[in-house]
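Chemist: Fold the following and give me the result.
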Amino acid sequence: MKNLKSEFNASKNIFLLALFFVLISTSTFAQSLGGFGLKAGLNYNANGDYFESIGSNAQKPDGNIGYHLGLYGKIGNKIYFKPELVYTSTKSDYDSDTFKMQKIDAPMLVGLNVLGPVSVFAGPSFQYILDSEFSGISIKDVENDFSVGLNFGIGLNLQKIGIDLRYERGFSNNEAKFITTNLGGSTASRLDTRPNQLILSLSFVL
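Modeler: The predicted structure is shown next:
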């Protein structure tokens, strides 16, 4: 079992490294055909429902502010391909508890310039969870460290400066299961880690 887990972790690391090199190669090529740059911004995130025990009523999350930063490439003009590699830190509030997550996002977007500097875009976002924590408890038993979401939004490009607003949603449930211990005993809990967020980004072409 340990060998299988080690092989799985090694495969994930290789995949992440390969994804990084693919983006760098694409971005290098993009310098002559579109653009390459840096981006950063804010995330307003609310993950899925939290269940204090199996069969209990679900707690709905309240959104909280997180942040992201990364790099991107852009190939094309009227119709363009825009791969990104972004570090993201998010928070979601459940009553008095807070769920925190750090992940690597790799959106692969296709966009269309519709009116002057205004464009619309959409595409899948491949996500790798680096770390997660629920009210001080580190969560290690996340169902899938890798997941896929959907990004779509609108962007405004003013020469070297760009602003975009997008919505991101996970395609499928991705639960974390963990045990909390208190004076009354142990409680099995479940938390849906699927992202549900608005993302506001500022980008700069290098």
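Chemist: Which residues does stretch 37-46 contact?
Modeler: 61-72, 74, 84, 86, 88-92, 160, 162, 195-206 (Cβ atoms under 8 Å, 6 or more residues apart in numbering). C-beta: built from backbone N, CA, C; applies to glycine.
Chemist: Tell me which entries of the residues you listed lie within strands.
Modeler: 62-72, 74, 84, 86, 88-92, 162, 196-205 (DSSP state E).
Chemist: now these: which count as buried?
Modeler: Using 16 or more other Cβ atoms under 10 Å as the burial test, the ones in strands among the contacts of stretch 37-46 include 63-64, 66, 68, 70-72, 74, 84, 86, 88-92, 162, 196-197, 199, 201, 203, 205 as buried.
Chemist: Output the lowest mean pLDDT helix or strand found in the chain.
Modeler: Across the helices and strands of the chain, mean pLDDT, DSSP states H and E gives its lowest value to helix 2-33, namely a mean of 56.
Chemist: And the next helix or strand past that helix?
Modeler: Sequence-wise, the next helix or strand downstream of helix 2-33 (DSSP states H and E) is strand 34-45.
Chemist: Adjacent strands (with direction) for that next one?
Modeler: Partner strands for strand 34-45, per DSSP bridges, with pairing direction: strand 62-76 (antiparallel), strand 196-205 (antiparallel).
Chemist: Show me what the longest strand anywhere in the chain is packed up against.
Modeler: In the chain, assigned by DSSP E, the strand with the most residues is strand 97-115. In this structure, strand 97-115 makes packing contacts with helix 2-33, strand 62-76, strand 79-94, strand 118-134, strand 146-158, judged by 3 or more Cβ pairs under 8 Å, 6 or more residues apart in numbering; DSSP states H and E.
Chemist: average pLDDT across that strand?
Modeler: Averaging pLDDT along strand 97-115 gives 90.
Chemist: And for stretch 43-58?
Modeler: Mean predicted lDDT for stretch 43-58 stands at 69.
Chemist: Kindly report the same for stretch 192-200.
Modeler: Stretch 192-200 comes out at a mean pLDDT of 86.
Chemist: got the end-to-end distance for that stretch?
Modeler: One end of stretch 192-200 sits 23 Å from the other (Cα to Cα, to the nearest Å).
Chemist: Thank you, goodbye.
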